[in-house]
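J.: Turn this into a model:
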Amino acid sequence: MPCIWGQHNGSQLFCQVVILPPNGAVPPNSVAVQALIDTGATTTGITTALAAQLQMQPVGIIQIHGVGGLQNHNSHLFLIGFPFAFPPGTPLPPGHPPAAPGHMPVQLHVQQKVIQGCAFNGGNAPFQVLLGMDVISMGSLVVQGNGSFSFSF
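T.: You can find the predicted model right below:
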């Protein structure tokens, strides 16, 4: 069972994710981005800037009830991938590409549930993805009082 660990500041949990098209193909220019784990959000969303960067086309409009009340947002279909670094000295699986010089090799665990998420204006937020309960409920999130958290799925 894959598990990610991280630190929290008592009010926010962040992790790295990769946004993939619904067919699961990993684009050659894919990058890991910062995600806010938000247990108060029903739906996962991505910033409009990230949707544009990934050249995603809206599939419709979705109503989101947020801090500002009920609003309409473009919706997109995508998969969520969680990158995992191989520990130093671990042999890579056959066919796994080597890491770039100075980087650790990474594997990507992709959740197979297609997400219909909203695009939102991220402004100056320190994250590009908001992970809602549609993703969090696929696993087990444990928040510790010592400043750490784990998310297994």
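J.: Just the pLDDT for the residue nearest to Phe153 when sequence neighbours are not counted.
T.: Setting aside the residues directly before and after it, Phe153 is nearest to Gly139 in space (C-beta to C-beta, 6 or more residues apart in numbering), at 3.1 Å. (Glycine included, C-beta is placed from N, CA and C.) What the model reports as pLDDT for Gly139 is 94.
J.: Then Leu108?
T.: 85.
J.: contacting residues for it?
T.: With contact taken as C-beta atoms under 8 Å, 6 or more residues apart in numbering, Leu108 is in contact with Val18, Val26, Gly81, Phe82, Pro83, Phe84.
J.: chain center to the helix or strand harbouring it, what's the gap?
T.: Per DSSP states H and E, Leu108 falls inside strand 106-110. Averaging C-alpha coordinates over strand 106-110 and over its chain gives two centres that are 12 Å apart (C-alpha atoms, centre = their mean, to the nearest Å).
J.: neighbours around the nearest residue to Ile37 once chain neighbours are set aside, how many?
T.: In space, and not counting its chain neighbours, Ile37 is closest to Leu13: 4.0 Å by C-beta to C-beta, 6+ apart. Residue neighbour count, defined by other C-beta atoms under 10 Å, stands at 20 for Leu13.
J.: in the sheet, who's paired with Leu13?
T.: Leu13 has these beta-bridge partners by DSSP bridges: His8.
J.: List the first helix or strand encountered after the strand holding Leu108 toward the C-terminus.
T.: Along the chain past strand 106-110, the next helix or strand (assigned with DSSP H and E) turns out to be strand 115-120.
J.: For that following strand, which helices and strands make contact with it?
T.: Where contact means 3 or more C-beta pairs under 8 Å, 6 or more residues apart in numbering; DSSP states H and E, strand 115-120 is packed against strand 45-47, helix 48-53, strand 60-66, strand 69-85, helix 133-136.
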